[in-house]
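Peer 1: what's the 3D shape of this:
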Amino acid sequence: MLIHPWDAAGDDEALAFVRANEFGHLVASGRDREVPVVVPTQFLVTGESAIVLHLARPNPIWAAIEENPMVVLSVAGDWAYIEGAWKALPGTDEEPGLGVPTTYYAAVQLVCRAEVVTDADGVLEILRAQLARLDAGLADPREHSRRLPGIRGLRLAVQKINGKFKYGGNVDEAHRRYVADRLAERDGPGDAAARGHVLRRTSSSEAG
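Peer 2: Predicted coordinates for the structure are as follows:
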């Protein structure tokens, strides 16, 4: 992933985004494969930088992880299309029709070492942690003991965090705030989240 200096995110900012968006794509390259295995999945961040999840036993990712335990968990979101005309500030000689459109988004890629969990107690521990976060009113997963052999758990130890927050960091404050106002006016899907990132990162750069 290309990350320009003005789009780079620190580990704390990146992990906060991942915790707020606990769904992504787990990528396992295996060894000597033509294409990697890519699995969309829910997950849970535990502790400072550990992740747990579970998948069905027939999932093709297990063979790839056995070949190579290094995986990537990719999370992206809070995206919004930025119209070209928004790049032209009122009262300037900038022509709206010559503005270059773009897309704002956040993307975090976590490089992890995977540990496969097959024992029942370990799988139950992962399921309980996920349910406590998502659906705490349910019965203990041990009540579904007959189904447990059909799943495996994964523990991911994060080795490296690559975070990108592409929200106008390459333009000045006036342009960023103008775009933030346009996002508020349009109020389409993703616009509020993108606007929040624009203003937060603008305020952070001012404070810095």
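
Peer 1: just checking, what packs against the longest helix along the chain?
Peer 2: Counting residues, the longest helix in the chain under DSSP state H turns out to be helix 191-207. Using 3 or more C-beta pairs under 8 Å, 6 or more residues apart in numbering; DSSP states H and E as the contact criterion, the secondary-structure elements in contact with helix 191-207 are strand 70-82, strand 102-117, helix 173-186. C-beta: built from backbone N, CA, C; applies to glycine.

Peer 1: now the first one: how far from the chain's centre is it?
Peer 2: For strand 70-82, the distance from its own C-alpha centre to the chain's C-alpha centre is 5 Å (C-alpha atoms, centre = their mean, to the nearest Å).

Peer 1: repeat for the second one
Peer 2: In terms of C-alpha atoms, centre = their mean, the centre of strand 102-117 is found 6 Å from the chain centre.

Peer 1: strands paired with that strand, and their directions?
Peer 2: Sheet partners assigned to strand 102-117 using DSSP bridges are listed as strand 70-82 (antiparallel), strand 151-166 (antiparallel).

Peer 1: can you redo those strands as a markdown table with mean neighbour count and mean pLDDT?
Peer 2: Below are the strands paired with strand 102-117 laid out as a markdown table (neighbours: other C-beta atoms under 10 Å; pLDDT from 0 to 100):
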| stretch | mean neighbour count | mean pLDDT |
| --- | --- | --- |
| strand 70-82 | 19 | 98 |
| strand 151-166 | 19 | 98 |
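
Peer 1: ok, now how distant is residue 35 from residue 113?
Peer 2: Using C-beta to C-beta, to the nearest Å, we find residue 35 at a distance of 21 Å from residue 113.

Peer 1: looking at these two, which is more packed in?
Peer 2: Here residue 35 and residue 113 are compared on neighbour count by other C-beta atoms under 10 Å; more neighbours surround residue 113, at 13 against 7.

Peer 1: was I right about that one contacting residue 154?
Peer 2: No - here residue 113 lies out of contact with residue 154, judged by C-beta atoms under 8 Å, at a distance of 10.7 Å.

Peer 1: quick one: contacts for the residue nearest to the spatial centre of the chain?
Peer 2: When the chain is reduced to its mean C-alpha position, the nearest residue by C-alpha atoms, centre = their mean turns out to be residue 75, at 2.2 Å. When the contact criterion is C-beta atoms under 8 Å, 6 or more residues apart in numbering, the partners of residue 75 are 17, 18, 21, 23, 24, 25, 107, 108, 109, 110.
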